[in-house]
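Asker: Predicted structure and sequence below. I'll ask about it afterward.
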Amino acid sequence: MAVSREVELKLELPIAETARLLERSFNRLDGNQGIKQHLVSVYFDTGKHALHKHGLTLRIRSGGKRRVQTIKAVDTTSACIFDRREWETEIKGDKPDLIAAARTPVGDVLHGSRATKLLAAIFKTVVNRTTWNVKQGGSEIEVALDEGRVSARGSTRPIAELELELKRGSPTDLFALARSLDCVKDLEIGVLSKSERGYALLNGDEPRSFKAEPIALESNFTAAEAFQNIARACIRHFRLNEPLLIARRSAEPLHQARVAIRRLRSALSFFEPVVTDRKYKRLKRRLRDVSHQFGEARNLDVYIAHTTVPDVDKGGQLPPFALKPVRRAKAEQERAYERVINTLQSKRFRQFMQDLVAWIQAGPWRTSDEPESQTARDQNIEDFAACVLKRRRRKLKQHGRHLERLSPEERHRTRIEAKKLRYACEFFSELFAGPQHRKRYEAFIAALGDLQARLGDLNDIQNEQEIAAELASHKATLTSRSRVGHAAAAQLGDQNKRTAALLISACEAHRRVLDAKPFWK
């Protein structure tokens, strides 16, 4: 049985024309027409998906008369870089070889149970693959263009993707080859493996959005390795929500995509001593600009929801004079979404995402020979995480002093510090997983969540007031202005009462955060 480690970059193709352009490009690079294969892969699991729950897949792939059983250890935080252990065995027949599987992690999952008798085919993929061997720099890269489908329980979804697998050489060359394809439009960073597509099809309905997934960090990781895992998980979170946002133009995927960007920006701040190089500031500025675009649309989503929902709940309707600002807000909302989607679909943004992934995996920061950089990269992640968490807690304490007296701008700064501390806790929580650590973590994160929620509500009120003032400044008749003014005054009174109550709750939550025992000690 062959055991290997697969390092692969995945790109998604939206249309058949893109595949034809790529095929012509690689024919020129390789000097031949590529090797054509028709591959059928059948995936096996128990009825309760025991392998999937343990991060494993077992498939039998047939190409002609050959049958190969492959077991892979799946890492869902890997995003577009699939760095996975895999075990391959050539077998006879179409059923799993459980003797060979017993010598892999599958054996640990199925050992001593009846699960071996319950393994069954659960879905399959059928693809037409064209493969080229391409030299890039000093590296050898296998390029596979797959077009086909995944099928489960009578449902089918198309597959169209490009896989670049590093056979020998440097990851830098892998990304250089991907970057050379920028003349082919509509190539997107891929974050889903074929097995994930199959399990998603089994689960039925497509989620309205995707939340951030837990990040598995190991105590023996260096700070550099931990950063790569965290950053790739943020990109995966973003890319899972991006197509939903483009297709639906709705608040949930927009919010989650924005959260993914904020989490990545926070990770860049936490790991600044580790990853600072000549590209660091440019990449961070670009993420900030995109985040601001998302923020404009998100603020309008919240304003419209808070303005219209209460009236609907009461079974009434907004009065005619109040409809104009709402209609204007909805028009602004549509324009804000249009700007976001235009950005996401632009060639410049797709290239930026590829450059960002390349930098995370093989940027100049990875090979800097400056002593300070080397020391920062190689430090143990537990020690690094404890320092980050301690520093972020101290900053939240400083910014939150006398919270009830702070201006809206100062409260917003405190809110940002609370978010950053929350993200740091989520990033590093798996490093402190003992019973006492876990109990402290739950108390700490609960208090922090309350503080973040109260400060978020206060920030929403401030944004609503600013948006309302801007909308009210548009041309209107004197009468309608007067009526809107009276309505706005009444609304302002309600908001002031809410603000006073929220400030009391926020001060209490801030005190509980500071009183909670740090879980990282």
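Answerer: That came in fine, so what should we check first? Numbering: from 1, shown residues only.

Asker: in the sheet, who's paired with Ser151?
Answerer: Under the criterion DSSP bridges, Ser151 forms beta bridges with Lys124, Thr156.

Asker: Make sure it is actually in contact with Val127.
Answerer: No: Ser151 lies out of contact with Val127 (Cβ atoms under 8 Å); the separation is 11.5 Å. Every C-beta, even on glycine, is put in place using the N, C-alpha and C of the backbone.

Asker: Neighbour count for these two, which is higher?
Answerer: For Ser151 versus Val127, neighbours defined as other Cβ atoms under 10 Å are more numerous around Val127 (21 against 15).

Asker: For the host helix or strand of the more buried one, give the mean pLDDT please.
Answerer: With elements taken from DSSP states H and E, the one containing Val127 is strand 120-136. When pLDDT is averaged along strand 120-136, the result is 95.

Asker: can you check stretch 236-246 too?
Answerer: Along stretch 236-246, the predicted confidence averages to a pLDDT of 96.

Asker: Kindly export it (C-alpha atoms) in CSV.
Answerer: Extracted C-alpha coordinates of stretch 236-246, given in CSV (Å, rounded to 0.1, in the frame of the first residue of the first chain):
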residue,chain,number,x,y,z
ARG,A,236,-12.6,28.8,3.0
HIS,A,237,-15.2,30.6,5.1
PHE,A,238,-15.3,33.5,2.7
ARG,A,239,-15.4,31.3,-0.5
LEU,A,240,-18.2,29.1,0.8
ASN,A,241,-20.4,32.2,1.2
GLU,A,242,-19.3,34.1,-1.9
PRO,A,243,-21.3,32.2,-4.5
LEU,A,244,-24.4,32.3,-2.2
LEU,A,245,-24.0,36.1,-1.9
ILE,A,246,-23.7,36.5,-5.7
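
Asker: So what touches that stretch?
Answerer: Residues from elsewhere that reach stretch 236-246, judged by Cβ atoms under 8 Å, 6 or more residues apart in numbering: 76-80, 188-192, 206-213, 250, 252-254, 256-257, 259-261, 263-264, 340-341, 344-345.

Asker: before we move on, what about stretch 188-204?
Answerer: The contact list for stretch 188-204, computed with Cβ under 8 Å, 6+ apart, reads 10-12, 14, 41, 43, 49, 52, 57, 59, 72, 74, 76, 79-80, 82, 122-125, 150-153, 155, 157, 159, 161, 206, 235-236, 239-240, 350, 353-354, 357.

Asker: With stretch 61-76 instead?
Answerer: Taking contacts as Cβ under 8 Å, 6+ apart, the residues outside stretch 61-76 that touch it are 6, 37-42, 55-60, 82-94, 96-97, 100-101, 104-106, 193, 195-196, 213, 216, 236.

Asker: For it, what is the distance to the chain centroid?
Answerer: Between the mean C-alpha location of stretch 61-76 and the chain-wide mean there is a distance of 27 Å, by Cα atoms, centre = their mean, to the nearest Å.

Asker: Can you mark which positions in it are buried?
Answerer: Residues of stretch 61-76 classed as buried by neighbour count (16 or more other Cβ atoms under 10 Å): 61, 67-76.

Asker: Export those to a markdown table and append columns for distance to Leu177.
Answerer: Putting the buried residues of stretch 61-76 into a markdown table (distance: Cβ to Cβ, whole Å) gives the following:
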| residue | distance to Leu177 |
| --- | --- |
| Arg61 | 25 |
| Arg67 | 31 |
| Val68 | 26 |
| Gln69 | 30 |
| Thr70 | 25 |
| Ile71 | 28 |
| Lys72 | 23 |
| Ala73 | 26 |
| Val74 | 25 |
| Asp75 | 23 |
| Thr76 | 25 |
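
Asker: Tell me which two of those sit farthest apart.
Answerer: Comparing every pair within the buried residues of stretch 61-76 by Cβ to Cβ identifies Arg67 and Thr76 as the most remote, at 27.5 Å.

Asker: picking that back up, what helices and strands are in contact with the strand holding Val127?
Answerer: Under the contact criterion of 3 or more Cβ pairs under 8 Å, 6 or more residues apart in numbering; DSSP states H and E, strand 120-136 touches helix 16-30, strand 35-45, strand 139-152, strand 155-168, helix 171-179, helix 194-203.

Asker: Try it again at 10 Å.
Answerer: Using 3 or more Cβ pairs under 10 Å, 6 or more residues apart in numbering; DSSP states H and E as the contact criterion, the elements in contact with strand 120-136 are helix 16-30, strand 35-45, strand 56-63, strand 139-152, strand 155-168, helix 171-179, helix 194-203.

Asker: per-residue confidence averaged over the third one?
Answerer: For strand 56-63, the mean pLDDT works out to 95.

Asker: Repeat that for stretch 340-351.
Answerer: The average of the pLDDT scores along stretch 340-351 is 94.

Asker: pull the CA atoms of it into PDB?
Answerer: Extracted C-alpha coordinates of stretch 340-351, given in PDB (Å, rounded to 0.1, in the frame of the first residue of the first chain):
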ATOM      1  CA  VAL A 340     -19.900  44.400  -3.700                       C
ATOM      2  CA  ILE A 341     -20.800  41.900  -6.400                       C
ATOM      3  CA  ASN A 342     -19.000  43.800  -9.100                       C
ATOM      4  CA  THR A 343     -15.900  43.700  -7.000                       C
ATOM      5  CA  LEU A 344     -16.300  39.900  -6.400                       C
ATOM      6  CA  GLN A 345     -16.700  39.200 -10.100                       C
ATOM      7  CA  SER A 346     -13.900  41.400 -11.200                       C
ATOM      8  CA  LYS A 347     -10.700  39.900 -12.600                       C
ATOM      9  CA  ARG A 348      -8.700  42.100 -10.200                       C
ATOM     10  CA  PHE A 349     -10.300  40.600  -7.200                       C
ATOM     11  CA  ARG A 350      -9.900  37.000  -8.400                       C
ATOM     12  CA  GLN A 351      -6.200  37.700  -9.000                       C
END
